[in-house]
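A.B. asks: Any chance you could fold what I've pasted below:
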Amino acid sequence: MKEGDTIEIRKLNPEEWAGKQFHISYTTDGYLDVHPCSDGYVCTRKPFLQPQEKSFDDTFLSEWLENPVAYGIFEHGQMIGYAEGSIEQWNNRFRISNILVFDQNNRKKGIGSVLMKQILKEAKDSGARMAVLETQSCNINAISFYKQ
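C.D. replies: Below is the predicted model:
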């Protein structure tokens, strides 16, 4: 994101957003094959014969989360990115349950980094001992982003 962009990050009001559905998709050209070895696990990137589009529907501020918190990034009043997380009381860790940029044309522009910074601040402020997240083994772009 560049200085002067008309982009705003907002904490989402659960009364307004909880339960609303959204759709997300991504394109991938391979997956990580994860298997155990004597020293732990080995991850090997395996290509698909041709790129594949993956997509799914999800819900903002899902009911299964304990007191979720969420942030949206808005451009000209429209949400273009979203992150949510929740402290898990039973083990005092903060689960990042969603972080995404909806439109592929807006990806790799720093929006995800702003969302990650904000949700990690929320995790730290919650007093959690750690933050965790997970993604599909074929979401190569997300894995690359998380490794940064």
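A.B. asks: ok, then the element right after the longest strand seen in the chain?
C.D. replies: Assignment by DSSP state E gives strand 40-59 as the longest strand of the chain. Proceeding N to C from strand 40-59, the next assigned helix or strand is strand 69-75, under DSSP states H and E.
A.B. asks: Please enumerate residues in contact with that next one?
C.D. replies: By Cβ atoms under 8 Å, 6 or more residues apart in numbering, the residues outside strand 69-75 that reach it are 5-12, 14, 17, 60-61, 79-86, 98, 111, 114-115, 118-119, 122. Just so you know, the C-beta spots here come from the backbone N, C-alpha and C atoms, and that holds for glycine as well.
A.B. asks: Tell me which of those fall in strands.
C.D. replies: 7-11, 79-86, 98.
A.B. asks: the longest helix in this structure is where?
C.D. replies: Identified as the longest helix of the chain according to DSSP state H is helix 111-125.
A.B. asks: Which SSE is immediately downstream of that one?
C.D. replies: strand 130-132.
A.B. asks: For that following strand, name the packing helices and strands.
C.D. replies: Counting contacts by 3 or more Cβ pairs under 8 Å, 6 or more residues apart in numbering; DSSP states H and E, strand 130-132 packs against strand 93-101, helix 111-125.
A.B. asks: rerun at 7 Å
C.D. replies: If you count contacts as 3 or more Cβ pairs under 7 Å, 6 or more residues apart in numbering; DSSP states H and E, strand 130-132 packs onto strand 93-101.
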